[in-house]
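Enquirer: Prediction below, plus the sequence it came from.
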Amino acid sequence: MHLADLCIALSLSAPAENPDILAVTHNAAWVTPGAAFVAIRGARVDGHSFAAQAAQQGAAAIFGEGWPLPDPCPLPYVTVPDARAALADLAAELEGHPSRALKVVGVTGTDGKTTTSWLTVHLLRSAGLSTGLLSTVGYQLSDGETRHFPAHFTTPEAPQVQATLRELAATGVQAAVLEASSHALALERVRAVAWDVAVWTHLSREHLDFHGDMESYFVEKRKLIERAPFAVLNADDPWTARLKLGPHVTYSEGGHPADWQAHQIEEQSGGLAFEVRSPAGTFAAFLPMIGRFNVGNALAAMAAAHQLGATAEQLVLGLAKFGGVPGRMELVASPVGPSPALGPRVIVDFAHTPPSLEKALGTLRTTTRGQLIVVIGAAGGPRDPGKRGPLGEVATRLADEAIFTEEDCRDTPLAEILTAMALGAKGAGRANYCIIPDRQHAIRHAVRLAGPGDTVLLAGKGPEETLEREGETIPWNEVEEARTALGRLE
Ligand SMILES: CC(=O)N[C@H]1[C@@H](OP(=O)(O)OP(=O)(O)OC[C@H]2O[C@@H](n3ccc(=O)[nH]c3=O)[C@H](O)[C@@H]2O)O[C@H](CO)[C@@H](O)[C@@H]1O[C@H](C)C(=O)N[C@@H](C)C(=O)N[C@H](CCC(=O)O)C(=O)O
Ligand SMILES: Nc1ncnc2c1ncn2[C@@H]1O[C@H](COP(=O)(O)OP(=O)(O)OP(=O)(O)O)[C@@H](O)[C@H]1O
């Protein structure tokens with residue numbers, strides 16, 4: 001597309017030169033010949049200082065909020081009011097606005113985005129709609145295989161979002177589900193997406209290092225609801241009352257008045273049974289997931305899928321066949337079958353903060369007849385060292401036995417982390433823990449310790465594919481480790 005045409009589409013004044021623009025990026029290192037480079041003034045550096053690099057790599061033009069340097073710009077320069085917005089608009093324009101050809105569901109909220117997104121994709125597919133996904137646990141095209149972007153993001157930058165949507169639209173996919181993080185909404189990564197349905201799970205304290213305060217966090221998150229023609233909102237979340245409402249439905253698993261309600265919730269060891277009362281009808285549902293909060297996630301996903309045409313029958317059948325989300329309350333199948341009479345129930349979960357560990361252990365306690373055992377570590381490096389003691393305290397308060405072990409200790413001595421966790425437990429007057437530094441040994445010990453009716457929670461690693469030790473990174477697969485440990489019981 002020629003620069004002049006792009007400028008017309010974005011209502012910008014075009015420079016005299018009119019090169020063909022083949023792509024767009026905000027990262028000078030990713031510039032390919034013919035690409036437009038969008039120079040963003042970031043929190044750390046000004047993208048303009050990489051203009052020479054972009055030119056050297058073959059950029060055809062630069063977009064930015066004003067050329068700041070004394071030397072003339074080496075390339076045609078287009079001034080824009082907001083560089084991040086321009087990045088998203090350019091990407092959508094160059095990819096042909098693929099979201100307009102898809103039914104797009106966006107999911108936002110502090111917790112539950114990944115689970116609700118995966119549930120929604122599954123229900124849409126069960127209703128016969130070929131559906132793609134863009135989530136923290138990777139992205140999926142119509143073949144359902146999970147792929148990963150090179151950098152780990154919940155919502156990647158706009159060019160990747162738009163390119164993925166184009167790939168989906170070009171391969172005949174009918175719908176797409178996107179997790180929209182608060183960073184994505186604040187930094188305009190999903191600005192040029194034409195949403196059909198927006199889902200609001202709930203808001204609680206997080207990412208205040210970036211947003212400053214809860215009010216600013218809320219303002220960013222609510223953009224998704226404001227931009228969609230239809231919303232699915234959690235009636236159990238007090239922030240919902242402050243959303244500006246257009247057409248919408250509400251849901252509740254907590255007994256609040258709502259369009260989609262769950263009643264008679266029964267937490268069973270292999271899943272959740274409940275009755276749904278909704279605009280689609282009243283029906284019994286079973287979700288093979290653990291964790292009462294997943295009833296809310298399921299209601300949200302059902303409401304979104306129903307809005308896109310799924311029937312009550314399709315929702316019930318689909319929900320019962322949900323395969324779970326990798327590393328989120330994932331029930332590990334034993335090598336000898338789904339429910340071994342001889343072994344414990346083993347769960348892999350991503351919980352790695354004191355509140356999420358508390359929630360995970362709390363919900364597992366409800367469905368554990370015998371002992372509850374947890375394997376938990378804490379990350380090293382700068383990542384919130386203050387949580388190590390509290391993790392030790394929560395683990396020993398809510399589990400019968402806690403095993404403290406490694407979890408990405410990076411450049412921090414492992415002994416230092418484990419001592420802090422043990423101090424958290426000791427400080428609360430508890431001794432129901434042991435320390436096994438090697439994570440594989442810790443998992444095997446926990447599984448050996450447990451018997452029928454017991455639950456082992458392996459917390460903190462979830463679906464992550466590496467384990468960072470002091471000075472080395474090794475491939476890691478927590479579910480496989482658990483399966484091997486269960487296999488050794490026979
Ligand atoms: C806090 C945050 O989100 N920061 C994002 C922000 O960084 P920044 O403002 O500091 O950018 P910067 O480093 O100053 O760079 C400014 C510009 O110069 C460019 N640049 C910079 C250096 C260089 O050598 N060459 C170059 O071209 C950059 O590409 C950028 O366009 O803009 C950058 C690109 O425009 C993003 O890559 C970066 O994401 C960082 C890497 C990040 O870690 N983000 C995380 C926190 C995030 O977004 N997480 C959420 C999930 C949160 C959750 O729910 O858990 C997500 O959606 O993944
Ligand atoms: N609806 C919910 N309300 C409260 N907590 C939830 C809810 N759903 C999930 N959780 C908790 O949050 C954890 C992460 O869930 P999930 O991955 O679905 O959320 P997320 O918003 O996508 O977070 P992330 O982007 O970090 O993956 C779960 O392990 C569970 O402990």
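Expert: Received, thanks. Residues are numbered from 1 along each chain as shown. Ligands and ions are numbered 1, 2, ... in the order given.

Enquirer: what residues does the stretch 51-200 of the chain put near ligand 1?
Expert: 153-155, 157, 181, 183-184, 187 (CB under 6 Å from any ligand atom). C-beta here means a position set from N, CA and C on the backbone, and glycine is covered the same way.

Enquirer: what about 5 Å?
Expert: Contacts of the stretch 51-200 of the chain with ligand 1, taken as CB under 5 Å from any ligand atom, map to 153-155, 181, 183-184.

Enquirer: Going by neighbour count, which of these are buried?
Expert: By neighbour count, with 16 or more other CB atoms under 10 Å, these hold 153-155, 181, 184 as buried.

Enquirer: filter the residues you listed down to the ones close to ligand 2.
Expert: Counting by CB under 5 Å from any ligand atom, residue 154 from those sit close to ligand 2.

Enquirer: nearest to ligand 2, of the buried ones among the residues of the stretch 51-200 of the chain next to ligand 1?
Expert: Of all these, the one with the least separation from ligand 2 (CB to the nearest ligand atom) is residue 154, at 4.9 Å.

Enquirer: Now do the closest residue to ligand 1 within the chain: how many residues are near it, please.
Expert: Per CB to the nearest ligand atom, residue 42 is where the chain lies closest to ligand 1, at 2.2 Å. For residue 42, the tally of surrounding residues (other CB atoms under 10 Å) stands at 12.

Enquirer: what's near enough to touch residue 92?
Expert: Residue 92 makes contacts with 98-99, 158, 162, 192-193, as judged by CB atoms under 8 Å, 6 or more residues apart in numbering.

Enquirer: tell me the phi and psi of it?
Expert: Backbone geometry at residue 92, expressed as degrees, to the nearest 10, gives phi -60, psi -40.

Enquirer: So for the helix or strand hosting residue 444, what gets flagged as buried?
Expert: Per DSSP states H and E, residue 444 falls inside helix 439-449. For helix 439-449, the buried set under the neighbour-count rule, 16+ other CB under 10 Å, comprises 439, 442-447, 449.

Enquirer: any idea which helix or strand comes after it?
Expert: Next along from helix 439-449, by DSSP H and E: strand 455-459.

Enquirer: Neighbouring strands - and their directions - for that next one?
Expert: With DSSP bridges as the test, strand 455-459 is paired with strand 345-349 (parallel), strand 372-376 (parallel).

Enquirer: Within range of ligand 2, give me the residues from the stretch 101-250 of the chain.
Expert: Counting by CB under 5 Å from any ligand atom, the stretch 101-250 of the chain sits next to ligand 2 at 111-115, 136, 154, 201.

Enquirer: Flag the shaky bits of the chain, pLDDT-wise.
Expert: Scanning the chain with the threshold set as pLDDT under 70 gives 150-152, 205-209, 334-342, 382-384, 490.

Enquirer: Return the residues in contact with the spatially most central residue of it.
Expert: Residue closest to the mean C-alpha point of the chain, counted by CA atoms, centre = their mean, is residue 136 at 3.6 Å. Going by CB under 8 Å, 6+ apart, residue 136 touches 113-114, 153-154, 179.

Enquirer: Residue 377 now?
Expert: Counting by CB under 8 Å, 6+ apart, residue 377 touches 404-409, 417-418, 421, 439, 460.

Enquirer: Would you format these as JSON lines with secondary structure and distance to residue 68 included?
Expert: As requested, the contacts of residue 377 are exported to JSON lines (DSSP: H, G, I helix; E, B strand; the rest coil; distance: CB to CB, whole Å):
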{"residue": "404", "secondary structure": "strand", "distance to residue 68": "51"}
{"residue": "405", "secondary structure": "coil", "distance to residue 68": "50"}
{"residue": "406", "secondary structure": "coil", "distance to residue 68": "46"}
{"residue": "407", "secondary structure": "coil", "distance to residue 68": "43"}
{"residue": "408", "secondary structure": "coil", "distance to residue 68": "39"}
{"residue": "409", "secondary structure": "coil", "distance to residue 68": "42"}
{"residue": "417", "secondary structure": "helix", "distance to residue 68": "44"}
{"residue": "418", "secondary structure": "helix", "distance to residue 68": "49"}
{"residue": "421", "secondary structure": "helix", "distance to residue 68": "48"}
{"residue": "439", "secondary structure": "helix", "distance to residue 68": "49"}
{"residue": "460", "secondary structure": "coil", "distance to residue 68": "44"}
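
Enquirer: follow-up on the earlier one: can I get the buried residues of helix 439-449 in JSON lines including distance to ligand 1?
Expert: JSON lines is the format used below for these (distance: CB to the nearest ligand atom, whole Å):
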{"residue": "439", "distance to ligand 1": "23"}
{"residue": "442", "distance to ligand 1": "26"}
{"residue": "443", "distance to ligand 1": "26"}
{"residue": "444", "distance to ligand 1": "31"}
{"residue": "445", "distance to ligand 1": "31"}
{"residue": "446", "distance to ligand 1": "28"}
{"residue": "447", "distance to ligand 1": "30"}
{"residue": "449", "distance to ligand 1": "33"}
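
Enquirer: what's the closest of those to residue 293?
Expert: Nearest to residue 293, judged by CB to CB, of the buried residues of helix 439-449 is residue 446 at 24.2 Å.

Enquirer: For that closest one, which residues are in contact?
Expert: 373-375, 401, 403, 456, 458, 485.

Enquirer: Let's see that with 10 Å instead.
Expert: Neighbouring residues of residue 446 by CB atoms under 10 Å, 6 or more residues apart in numbering: 344, 346, 373-375, 401-403, 405, 434, 436, 454, 456-458, 482, 485.

Enquirer: Now do the contacts for the residue of the chain closest to ligand 1.
Expert: Shown in contact with residue 42 (CB under 10 Å, 6+ apart): 26, 83-84, 187.

Enquirer: Of those, which is the most crowded?
Expert: Highest neighbour count within the contacts of residue 42: residue 26, with 26 neighbours (other CB under 10 Å).

Enquirer: Not counting residues beside it along the chain, what's closest to that residue?
Expert: Once flanking residues are discounted, residue 26 sits nearest to residue 38: 4.8 Å by CB to CB, 6 or more residues apart in numbering.

Enquirer: thought the one you found was touching residue 63?
Expert: Yes. Assessed by CB atoms under 10 Å, residue 38 is found in contact with residue 63 at 4.7 Å.

Enquirer: Now for the two: what residues contact both?
Expert: Taking CB under 10 Å, 6+ apart as the criterion, residue 38 and residue 63 both touch 24, 26, 47, 78, 80, 83, 86-87, 90.
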